[in-house]
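**Q** Please work out how this folds:
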Amino acid sequence: MTAVARPRASLPSIARGALAWWLGELAALVPDRLKRRRGGRSDAEIRVSPQSWMMRDRRGRSTEIDPRDTAAALQAFRSLRQGRKPARATLIYPLSRCFVRHTELPRSLLSHAGSILASELETVTPFQTGSVHWDWFVRGEGTEAGALTVAQIVLKRRDTEAIAQRLAEAGVAVATLSVEDEHAAPPSRRLPVDLQRHDRPGEDEPHNLRKARSVLVGAAVLTAIAIVPLAFTQQSAILSKLDQDIADATDTVAGRPGLARAPLQALGEILQAKRNLPPATAILDGLAAALPPDSNLDHLFLDKDVVTIQGRTTSVHVLEHSLSASPLFAAGHNTAAPGSGSEGIAFTIRLKVRPLPSTPEI
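**A** So this is what the prediction gives:
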């Protein structure tokens with residue numbers, strides 16, 4: 001049987017994957033209301049219904065507008081403008097006028113929810129992408145472990161055309177397209193969505209979240225810049241100490257001919273073996289390349305030249321064979337008691353790390 005070599009996962013790719021997972025977890029912790037919050041101001045809120053448009057400006061003044069009275073609507077909307085300064089209005093629609101779809105997504109895919117729901121819009125719902133405004137938010141925990149319930153809110157564009165045209169004629173821009181659940185209590189009535197968010201090019205993710213992501217990436221890069229030189233400095237110090245120990249042992253043997261040489265020679269071999277061990281980064285890299293796709297690690301312990309890994313897999317035999325094929329590890333054996341669960345077979349495997357090939361001195 002011909003063995004197919006799996007591509008070796010490099011340390012940079014592992015770091016990129018870890019950073020993407022970390023940013024995704026942080027994004028999941030950001031409250032939905034903060035994610036959807038826009039940085040721009042709004043000069044008025046207009047609650048839209050088929051019978052009337054109820055406008056409330058920043059000063060708290062309320063005006064009821066008949067959608068059929070174009071002149072009155074233009075006069076009311078133009079009152080929002082102050083000099084040459086452009087005005088912005090938030091449109092609020094009742095949830096009863098929207099199409100609401102609930103679905104479940106794995107928590108790990110939350111950062112891609114917008115793309116997933118956009119692709120499902122035409123295949124799962126009776127709408128075309130260009131005929132609706134839509135957005136989504138996390139409703140709560142899902143029925144499956146590790147899943148989240150996501151609500152997708154859809155509003156037909158034709159329901160917004162009349163008021164959007166009147167606002168444009170009055171020189172007022174639509175800041176946010178919001179939705180209220182008219183049957184909910186007032187504190188939680190406004191839903192954390194902006195239905196025109198996906199109409200803006202380059203805004204597939206919330207504005208505040210993009211800024212936070214940039215800050216987090218910058219912090220991660222600075223942390224890596226600070227940690228990597230420290231790791232190399234520490235590794236260099238350890239190797240220098242081992243070289244000094246080897247030199248001291250050699251000097252002791254040379255300076256005392258009567259001393260039993262066998263124990264000192266053994267000590268020198270032990271120190272040389274320690275020096276030839278791969279660094280921790282190479283060991284982690286080797287594990288990442290050797291683990292089968294169906295195996296998950298829960299714990300990892302590194303003690304000198306012995307690595308102990310614990311986790312779950314669908315086949316311990318395949319896992320042991322894959323690890324033994326790695327040039328970094330000697331054959332390991334499972335020391336855990338036999339047993340399996342819904343997530344696979346539990347394993348505890350001890351591996352001996354092979355030393356690096358000795359390099360002849362020049």
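**Q** CA only for contacts and neighbour counts going forward, please
**A** Noted.
**Q** hang on, residue 327 packs against residue 353?
**A** No - the criterion here is Cα atoms under 8 Å, and residue 327 misses it with residue 353 at 9.1 Å.
**Q** Settle it for me: which of the two has more neighbours?
**A** residue 353 (19 against 13; other Cα atoms under 10 Å).
**Q** Low-confidence regions, this protein specifically.
**A** Across the chain, the ranges flagged by pLDDT under 70 are 1-40, 83-84, 187-188, 200-221, 223-232, 235, 249-281, 331-343, 356-362.
**Q** That one - how does it break down into domains?
**A** What the record gives for the chain is the domain set 28-203, 215-275, 280-352, from automatic domain parsing.
**Q** I'd guessed residue 74 sits against residue 164; true?
**A** No - contact criterion Cα under 8 Å: residue 74 and residue 164 do not qualify, at 11.4 Å.
**Q** phi, psi of residue 301?
**A** Backbone torsions of residue 301, given as degrees, to the nearest 10, read phi -130, psi 130.
**Q** same question, residue 43
**A** According to degrees, to the nearest 10, residue 43 has phi -90, psi -10.
**Q** residues touching the closest residue to residue 49 other than its chain neighbours, list them.
**A** Distance criterion Cα to Cα, 6 or more residues apart in numbering; nearest residue to residue 49, sequence neighbours excluded, is residue 93 at 7.1 Å. Listed by Cα atoms under 8 Å, 6 or more residues apart in numbering, the contact set of residue 93 reads 47, 48, 49, 177, 178, 179, 180.
**Q** quick one: contacts for the last one?
**A** So that's residue 180. Contacts of residue 180 by Cα under 8 Å, 6+ apart are 92, 93, 94, 95, 189, 190, 191.
**Q** Tell me which stretches of the chain form helices.
**A** 11-29, 32-36, 70-78, 113-124, 158-169, 207-255, 261-275, 280-290, 316-324 (DSSP state H).
**Q** Now do the contacts for residue 95.
**A** Applying Cα under 8 Å, 6+ apart, the residues near residue 95 are 179, 180, 181, 182.
**Q** Next one: the closest residue to it other than its chain neighbours from residue 62, what distance?
**A** Nearest residue to residue 95 in three dimensions, chain neighbours excluded: residue 181, at 5.0 Å (Cα to Cα, 6+ apart). Between residue 181 and residue 62 the computed distance is 21 Å (Cα to Cα, to the nearest Å).
**Q** Next: residue 191.
**A** For residue 191, the distance to residue 62 - Cα to Cα - is 22 Å.
**Q** Most neighbours among the contacts of residue 95, please name it.
**A** Counting neighbours by other Cα under 10 Å, residue 179 comes out on top of the contacts of residue 95 with 25 neighbours.
**Q** Against residue 54, how distant is that residue?
**A** 14 Å.
**Q** Near residue 121, how many other residues are there?
**A** 18.
**Q** still on that earlier bit, can you pick the most crowded of the contacts of residue 93?
**A** residue 179 (25 neighbours).
**Q** Give the bridge partners for it, please.
**A** With DSSP bridges as the criterion, residue 179 is bridged to residue 93.
**Q** Does it touch residue 97 like I think?
**A** No - Residue 179 lies out of contact with residue 97 (Cα under 8 Å); the separation is 9.3 Å.
**Q** quick revisit: tell me which two in the contacts of residue 95 are the farthest apart.
**A** 179 and 182 (9.2 Å; Cα to Cα).
**Q** Now for those two: what residues contact both?
**A** Contacts common to residue 179 and residue 182, judged by Cα under 8 Å, 6+ apart, are 94, 95.
**Q** sorry, back to before: out of the contacts of residue 93, who's nearest residue 41?
**A** Distances from residue 41 to the contacts of residue 93, taken by Cα to Cα, are shortest for residue 177, at 13.4 Å.
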